[in-house]
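Novice: my questions are about this predicted structure, shown below with the sequence.
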Amino acid sequence: MSHDQIYDKPQDPVKAFKFDRKVVNVFPDMIKRSVPGYELIINQISILTNYYAKSGCNYYDLGASLGAATLAMRENIQYPDCHIYAIDNSPDMINECRNNISPHDATVQVDFICADIRDIKIQKAQMVVLNFTLQFIQPGQRNDLLKSIYNGLNDGGILILSEKIAFENKEEQNLQTDLHYEFKRANGYSELEISQKRTALENVLIPETVKQNKERLLSAGFSESFLWFQCYNFASILAIK
């Protein structure tokens, strides 16, 4: 695993963040050192898959990156006639995802698709994962995507929505942000790296509050959604059709 040093030198200007080859090369290290609870969320996707999976259904990893959630689902679907779709709009990401997931000895077929997730038709889905993906979609386009997911889910199917979140209370926002930066410092990121990464993500990653996310889910048709994980300003919601 390559060490993330993308922002360790001064950049002028700091370019907008994108999932290119540089990010792909260091992505596991970047996620581990930047997103508190990421490994736990992936582990719980395994458990949720085991609990909710059914035969003859489709499973979607929207914004699959290197395939961690795809693998978590594939290894825990114990039923026949199931199909996983790993989708990402970054050619570098989806190519590496394909390389990471061996087709050998797999009981569940995985299709790797390089496409905008907004263009994907969800069908016969028992489980859809949006793992830190919706935050990169412009807010005005999020409702349509969630509605498309809802329409494509089976009754009783689930959506796992993991996001960086914002807070309505200014003091809480400041505290949670500071604690996240402390997490990054503890994992070896410098002040320069933290500052430049923040600039790179501005207007690219747009977080919303848990309340806003749950309201979007309700508007899409989900009658039930539960906050099942939160660490600082990162959270995951389970929505059930």
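Specialist: Done, it's in.

Novice: low pLDDT regions in the protein?
Specialist: Residue ranges of the chain with pLDDT under 70: 1, 104-105.

Novice: ranges for the helices of it?
Specialist: Assignment of helices within the chain using DSSP state H yields the ranges 21-34, 38-52, 68-74, 91-100, 142-152, 170-186, 191-201, 210-220.

Novice: let's have the ones you listed in TSV, adding distance to Ala125 and mean neighbour count.
Specialist: C-betas here are computed from N, CA, C, even on glycine. Listed next are those as TSV, based on distance: least, CB to CB, whole Å; neighbours: other CB atoms under 10 Å:
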stretch	distance to Ala125	mean neighbour count
helix 21-34	25	17
helix 38-52	11	17
helix 68-74	11	25
helix 91-100	19	18
helix 142-152	5	19
helix 170-186	32	14
helix 191-201	29	16
helix 210-220	14	18
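
Novice: Throw the ones you listed into a markdown table and include distance to Ile84, thanks.
Specialist: Formatted as a markdown table, these follow (distance: least, CB to CB, whole Å):
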| stretch | distance to Ile84 |
| --- | --- |
| helix 21-34 | 20 |
| helix 38-52 | 10 |
| helix 68-74 | 6 |
| helix 91-100 | 11 |
| helix 142-152 | 14 |
| helix 170-186 | 31 |
| helix 191-201 | 29 |
| helix 210-220 | 22 |
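
Novice: nearest residue to the middle of this protein?
Specialist: Nearest to the geometric centre of the chain sits Asn131, at 1.7 Å (CA atoms, centre = their mean).

Novice: in the sheet, who's paired with that residue?
Specialist: Judged by DSSP bridges, the bridge partners of Asn131 are Ser162.

Novice: distance check, Arg198 against Leu205.
Specialist: With distances taken as CB to CB, to the nearest Å, Arg198 is found 10 Å from Leu205.

Novice: re the thing from before, which stretch among the helices of the chain comes nearest Gln109?
Specialist: Closest of the helices of the chain to Gln109 is helix 68-74, at 9.1 Å (criterion: CB to CB).

Novice: what about the closest one, distance to the chain center?
Specialist: Mean-position distance between helix 68-74 and its chain equals 12 Å (CA atoms, centre = their mean, to the nearest Å).

Novice: and His83, how many residues sit next to it?
Specialist: Look at His83: counted by other CB atoms under 10 Å, it has 17 neighbours.

Novice: no wait, Ser223
Specialist: Residues lying near Ser223 (other CB under 10 Å) number 9.

Novice: equivalent analysis for Ile6, please.
Specialist: Ile6, neighbours per other CB under 10 Å, totals 18.

Novice: swap in the one 3 residues further on?
Specialist: Counted with other CB under 10 Å, the burial measure for Lys9 works out to 9 neighbours.

Novice: ok, it to Gln123 distance?
Specialist: Computed with CB to CB, the distance linking Lys9 and Gln123 is 46 Å.

Novice: can you check Met73 too?
Specialist: Distance, Met73 to Gln123, by CB to CB: 16 Å.

Novice: what residues are up against the residue nearest to the centre of the chain?
Specialist: Asn131 sits next to 41-42, 45, 61, 63, 65, 68-69, 160, 162 when contact means CB atoms under 8 Å, 6 or more residues apart in numbering.

Novice: can we see that at 7 Å?
Specialist: Asn131 sits next to 41, 63, 69, 160, 162 when contact means CB atoms under 7 Å, 6 or more residues apart in numbering.

Novice: again with Glu168
Specialist: Residues near Glu168 by CB under 7 Å, 6+ apart: Thr209.

Novice: please apply the same query to Ala72.
Specialist: Going by CB under 7 Å, 6+ apart, Ala72 touches 42, 45-46, 49.
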